[in-house]
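**Q** need a 3D model of the following:
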Amino acid sequence: MNYKGASSNLLNALREQADEVAARREQQRELSREVVDRVDRRLHLIFRYFDEACGLLQVIRPAVNRRFTLPEIVTYTDMSLDQAQVTFRKLKFQEREIYDYVVVYYSLAGPVPAPLRVASRNAAEVERALLSANIEYRADRDTSIRGAATHNVIHIAPGLRCEVRFEPDFTNERITVTLRNVDRLESALLEFQPDKLDAAALDDLVNLMLGKPSQFLLRAPLRGFNR
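**A** Okay, the predicted model is just below:
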């Protein structure tokens, strides 16, 4: 017996329920596309802003009025911006490409830190701290003492590598901003609603990068720091 189109209270209820579920799913897909479009457009504007800003900063190479300290290891002062560039990666989404991330890389140049002489037993800990802070270095054994060397000499690079990373969170309609070696030798994570990362906020971010007065860290919830 063919029940297609047959009068059945249960089948009629299931048909109505299926139609409602299908309509909700289509609505969710439309909403998802709208969210993705909003976040992706904001990331594109961020890329365009820093594409111009990095070029200008490389010409000016401004001083960065900030002190960076890794306690008992190294302190950086009298720095200036050296190199700056912005890059991005895209991924496929519904037969088109959207931003996976936008990253601003820049370096600060300054005086060469004095070589650090540390006991061999502590050298590994010091090197881990330098690696965690994204600081380049070279380690040599101290051979100035006759017999077995008991110290290492660590030559620390005169500059810092810094970055600002923008990553989309399409599920929560947010953009996560990760700051690394921007205002301290740590990583900080913040979450923004896309429309909050407007030109004024990006201006504030550049001021933070350059060691100028800035309210950028107060513009969004701070998810934490990580050394």
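**Q** contact partners of stretch 34-54?
**A** Identification of contacts with stretch 34-54 by C-beta atoms under 8 Å, 6 or more residues apart in numbering yields 84-86, 88, 93, 98-99, 102, 104, 106, 166, 168-170, 173-175, 194-195, 197, 199, 202, 206. (Each C-beta comes from the backbone N, C-alpha and C, glycine too.)
**Q** just the buried ones among those, please.
**A** Buried members of the contacts of stretch 34-54, scored by 16 or more other C-beta atoms under 10 Å, are 84, 86, 88, 98-99, 102, 104, 106, 166, 168, 173-175, 194, 197, 202, 206.
**Q** tell me which of the residues you listed fall in helices.
**A** Using DSSP state H, the subset of the buried ones among the contacts of stretch 34-54 located in helices is L202, V206.
**Q** just the ones of the buried ones among the contacts of stretch 34-54 in strands?
**A** Residues of the buried ones among the contacts of stretch 34-54 located in strands (DSSP state E): A84, V86, F88, I98, Y99, V102, V104, Y106, F166, P168, R174, I175.
**Q** wait, what's in contact with the second one?
**A** For V86, the contact set (C-beta under 8 Å, 6+ apart) comprises F47, F50, D51, C54, V102, V103, V104, Y105.
**Q** let's see that with 7 Å instead.
**A** F47, F50, D51, C54, V102, V103, V104 (C-beta atoms under 7 Å, 6 or more residues apart in numbering).
**Q** which SS state does the first one fall under?
**A** Following DSSP: H, G, I helix; E, B strand; the rest coil, F47 is assigned to helix.
**Q** mark which of the contacts of V86 are buried, thanks.
**A** F47, F50, C54, V102, V103, V104.
**Q** can you redo those as TSV with distance to P71 and pLDDT?
**A** Shown next, in TSV, are the buried ones among the contacts of V86 (distance: C-beta to C-beta, whole Å; pLDDT from 0 to 100):
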residue	distance to P71	pLDDT
F47	36	98
F50	32	98
C54	31	97
V102	32	98
V103	28	98
V104	27	98
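**Q** A63: which of those is nearest?
**A** Checking the buried ones among the contacts of V86 against A63 by C-beta to C-beta gives C54 as the nearest, at 17.1 Å.
**Q** okay, D183 and K212: tell me how far apart.
**A** 11 Å (C-beta to C-beta, to the nearest Å).
**Q** show me which of those two is the more surrounded one.
**A** When neighbours are counted by other C-beta atoms under 10 Å, D183 and K212 differ, and D183 comes out ahead with 16 against 13.
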